[in-house]
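Trainee: Sequence and predicted structure, then a few things I'm wondering about:
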Amino acid sequence: MLEVQGLTKRFGGLVAVSDVSLTVPEGSITGLIGPNGAGKTTLFTLISGFQTPSAGRVLFAGADITGRTPESLAVLGIARTFQIVQPFAGLSVLENIAVGAYLRCPHRAEAMAHAEAVADRVGLTDLGRPASSLTVAGRKRLELARALATGPRLLLLDEVLAGLNPSEIRDIVPVIRSIRESGVTILMIEHVMQAVMSLCEHVHVLANGRLIGAGTPAEVVGNPAVVEAYLGHGAAGRLQKGASHG
Amino acid sequence: MSSGTFAAYRPILIAIAALAALPLAVPLLVGAGLFAGPNTFYNLMIFILIITLAAQGWNIAGGYGGQFSFGHAAFFGTGAYAQAVLQTRYGVNAWVALPLAMALGGLVGALIGLLAFRARLRGSYFALVTLAFAEVFRILANATPITGGAAGTLVPLRIGFGQMQFDAPAAFFYLALAFVAVVLILNRLLERSRFGAWLVAVRENEDAARALGVDTLTVKLKAITLSAAVTAVAGALYTQKFLYVDANIAYGAWISVEALLAPIVGGIGTVFGPLIGAVALIGLGEAAKTVIHAAFGSAVPGVDLVVYGLLLVVVIAFAPRGLIGLLRTRGGR
């Protein structure tokens, strides 16, 4: 469904994303993890068209989409959420979702009906209230609902679980799973490992702009390079020692 | 049409009916000494309606779309000059000139929009560029022969329906009201359309809008074109009412200020905001002039501007969503 080939992004002398290649198979939930500042969100902005890569290609369903605008990608069927939620604060919850729904439903009645259906799917209620009055968990659901309302084939989720408490995470994980079951492919950046372990079939690990590991969630957490990227040089060895002593 | 759809338009129809019935109150108002005569009343009302129309235009791009123009004079003036010049120099009928003036205004809006939005100007940068364009237009109109230069253009007085010049002052009042009414309904249609939803999304957050498939450049260009066309009609009506236009009237900063102040005072990004704001601003300005004149025995120039300033300060401090926001809060909404 999505194929990233040798993607690189330089900001002046800083290489934020360096020669990253990965694939997201159709119908999967694929994870993208890595320590803070690894370049995960930059990779998302490149895939979703908000920035153009310095080198490399992005293929969606076999077609080259490198450098296309976010709005044209949304029409093709790629939707994204933002790590820092971006609600239309002056609008109601329903109106927020309707903006997304209008992409496939040009008429108001259909768009509103579609928006209500999507709100129901992600568990948003009380749709008439202003979006600015939502809690953090509510705003995350709204981000999800808006993106979903555009009728995507590929959904890019940028830390939709960050800032939620464990019970809120338990509530939203089944929602993400049901989105995949409805036929939407998902690529998600996530820090909450509990969710990554339960949702993703395949995980890519990014550190300092490079891919340092890939595999099933269980393989990845056992990978010494990944452990060191998170905990520092030599940490994997020390953990090993600690484990054998204990 | 469902009852929900009708409910959305009911307040507009009531407002139009109330305004249309205003001439019935003229004998009463004149009798009470509020107006010197019917003509004073009609002149004020027509002026309010023309400003309302200019403000309604501004409100489309500025209120719904969040693109704050400080130079709607560029569109008002283009409409005003087109209406005058087409009649005096090219012998075009007034009724034909009006849609042409509207189209020309829209064209100027599209061009300024194309230049400003393609350069990704937002916020105060966009405001400054539009202000600069209006000033350039003013200077050009003051210097070129086709506009009559500094002397301006006088439209010959030829009373007759065919000339869009009426003997009865009420006739022009109804003509202006008809345009305001059409734009009121147009704005409600806009609010309930996909284009309107996308325009508001652009105002709220451009990046989020783009992620949802909104082509922000196209949306902004359509908005500024429509906005300019409506304001150009206001300019054309001004010419037709006063039969004279010069650079400082047509492209002067005064109309840019009126066009943006009325929606801000009345309620930005709302259907009724421009109308309520124009009534409040011009009504209070005229009242202040009258009171000062009665108190001091002579006119104090600029006192209406003082009222504008005070009203703006009061609205921003106590009713950031405008007078209409105040009404809604009080009304329990």
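Mentor: Right, received. Where do you want to start?

Trainee: Could you list which residues are in contact with B:Y244?
Mentor: B:84, B:152-155 (CB atoms under 8 Å, 6 or more residues apart in numbering or on different chains). In this view, the C-beta of every residue, glycine as well, is placed from N, C-alpha and C.

Trainee: again, 6 Å this time
Mentor: Going by CB atoms under 6 Å, 6 or more residues apart in numbering or on different chains, B:Y244 touches B:L154.

Trainee: ok, now A:L124?
Mentor: A:141, A:145.

Trainee: any idea whether A:G213 is helix, strand or coil?
Mentor: When classified by DSSP: H, G, I helix; E, B strand; the rest coil, A:G213 comes out as strand.

Trainee: My guess is it contacts A:N223. True?
Mentor: Yes: the criterion here is CB atoms under 6 Å, and A:G213 meets it with A:N223 at 4.6 Å.

Trainee: Between the two, which has more neighbouring residues?
Mentor: For the pair A:G213 and A:N223, the greater number of neighbours falls to A:G213 (21 against 17), based on other CB atoms under 10 Å in any protein chain shown.

Trainee: how close does the closest residue to chain B within chain A sit to A:T66?
Mentor: Closest residue of chain A to chain B, CB to the nearest CB: A:A74 (3.2 Å). Distance from A:A74 to A:T66, counting by CB to CB, to the nearest Å: 16 Å.

Trainee: and those two? which has more neighbours close in?
Mentor: More neighbours surround A:A74 than the other of A:A74 and A:T66, with 26 against 18 (other CB under 10 Å).

Trainee: can I assume the more buried one is in contact with B:T216?
Mentor: No: judged on CB under 6 Å, A:A74 makes no contact with B:T216 at a distance of 11.8 Å.

Trainee: A:L59 belongs to a strand?
Mentor: Yes: under three-state DSSP, A:L59 sits within a strand.

Trainee: what's the distance between the closest residue to B:W58 other than its chain neighbours and A:R108?
Mentor: Spatial nearest neighbour of B:W58, chain neighbours left out: B:A259 (4.1 Å); criterion: CB to CB, 6 or more residues apart in numbering or on different chains. The gap separating B:A259 from A:R108 is 29 Å, by CB to CB.

Trainee: and these two? which has more neighbours close in?
Mentor: Comparing B:A259 with A:R108 by other CB under 10 Å, the one with more neighbours is B:A259, at 31 against 18.

Trainee: tell me which residues of the host helix or strand of that one are tucked away?
Mentor: Using DSSP states H and E, B:A259 sits within helix B:253-266. With burial defined by 16 or more other CB atoms under 10 Å in any protein chain shown, the residues of helix B:253-266 counted as buried are B:255-266.

Trainee: List the buried residues in the next helix-or-strand element following it.
Mentor: Downstream of helix B:253-266, the next assigned helix or strand under DSSP H and E is helix B:273-296. Counting neighbours by 16+ other CB under 10 Å, one finds that the buried residues in helix B:273-296 are B:273-282, B:284-286, B:288-289, B:292.

Trainee: Tell me the gap between helix B:273-296 and the middle of its chain.
Mentor: When distances are taken as CA atoms, centre = their mean, to the nearest Å, helix B:273-296 is centred 17 Å away from the chain's centroid.

Trainee: How about the residues of chain B by chain A?
Mentor: With the criterion set to CB under 6 Å from any CB of the partner chain, chain B comes near chain A through B:192, B:194, B:197, B:201, B:204-205, B:208, B:210-215.

Trainee: what kind of secondary structure is whichever residue of chain B sits closest to chain A in?
Mentor: As assessed by CB to the nearest CB, chain A sits closest to B:G213 within chain B, at 3.2 Å. Assigned state for B:G213: coil (three-state reduction, three-state DSSP).

Trainee: what number of residues lie near it?
Mentor: A count of neighbours around B:G213, defined by other CB under 10 Å, yields 27.

Trainee: what residues are up against it?
Mentor: Contacts of B:G213 by CB under 6 Å, 6+ apart are A:71, A:74-75, A:103, A:150.

Trainee: Quick check: which ranges of chain A have low pLDDT?
Mentor: Applying pLDDT under 70 to chain A flags the ranges A:245-246.

Trainee: Can you pull up the residues of it that come close to chain B?
Mentor: A:70-71, A:74-75, A:80, A:86, A:88, A:90, A:98-100, A:102-103, A:106, A:108, A:150.

Trainee: can you give me the strands in chain B?
Mentor: With strands called from DSSP state E, chain B shows them at B:153-154, B:244-245.

Trainee: quick check: mean pLDDT across the first one?
Mentor: To tie it back to what came earlier, the one meant is strand B:153-154. In this model, strand B:153-154 carries a mean pLDDT of 91.

Trainee: Residues contacting it, please?
Mentor: In this structure, residues lying in contact with strand B:153-154 by CB under 6 Å, 6+ apart are B:84, B:88, B:244-245.

Trainee: Could you save the residues you listed as TSV and add columns showing pLDDT?
Mentor: Shown next, in TSV, are the contacts of strand B:153-154 (pLDDT from 0 to 100):
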residue	pLDDT
B:A84	96
B:T88	94
B:Y244	95
B:V245	95
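
Trainee: most tightly surrounded among the strands of chain B?
Mentor: Ranked by mean neighbour count under mean count of other CB atoms under 10 Å in any protein chain shown, the strands of chain B are led by strand B:244-245, which reaches a mean of 22.

Trainee: Paired strands for that strand, with orientation please.
Mentor: strand B:153-154 (antiparallel) (DSSP bridges).

Trainee: just to revisit the earlier point, now do the helix holding B:A259 against helix B:273-296, angle only.
Mentor: With axes from the mean of the first three to the mean of the last three CA atoms, to 10 degrees applied, the angle from helix B:253-266 to helix B:273-296 works out at 110 degrees.

Trainee: same for helix B:253-266, what does it pack against?
Mentor: If you count contacts as 3 or more CB pairs under 6 Å, 6 or more residues apart in numbering or on different chains; DSSP states H and E, helix B:253-266 packs onto helix B:38-58, helix B:73-90, helix B:273-296, helix B:322-330.

Trainee: Now the weakest link among those, please, by mean pLDDT.
Mentor: Note on these: lowest mean pLDDT is at helix B:322-330, with a mean of 80.

Trainee: Show me what that one is packed against.
Mentor: Other helices and strands packing on helix B:322-330, by 3+ CB pairs under 6 Å, 6+ apart, are helix B:253-266, helix B:273-296.

Trainee: how about the nearest residue to B:F41, chain neighbours excluded?
Mentor: Nearest to B:F41 is B:F35, by CB to CB, 6+ apart, at 4.4 Å.

Trainee: Pull the number of nearby residues for A:A89.
Mentor: 14.

Trainee: picking that back up, tell me which of the strands of chain B approaches B:N39 most closely.
Mentor: Nearest of those to B:N39, taken as CB to CB: strand B:244-245 at 17.4 Å.

Trainee: What is the least confident helix or strand in chain B?
Mentor: Least confident helix or strand, chain B: helix B:322-330 with a mean of 80, by mean pLDDT, DSSP states H and E.

Trainee: That helix versus helix B:273-296: what angle between them?
Mentor: Counting by the same axes, to 10 degrees, helix B:322-330 lies at 110 degrees to helix B:273-296.

Trainee: ok, and what's touching helix B:322-330?
Mentor: Counting by CB under 6 Å, 6+ apart, residues outside helix B:322-330 touching it are B:266-267, B:270, B:272-273, B:276, B:319.
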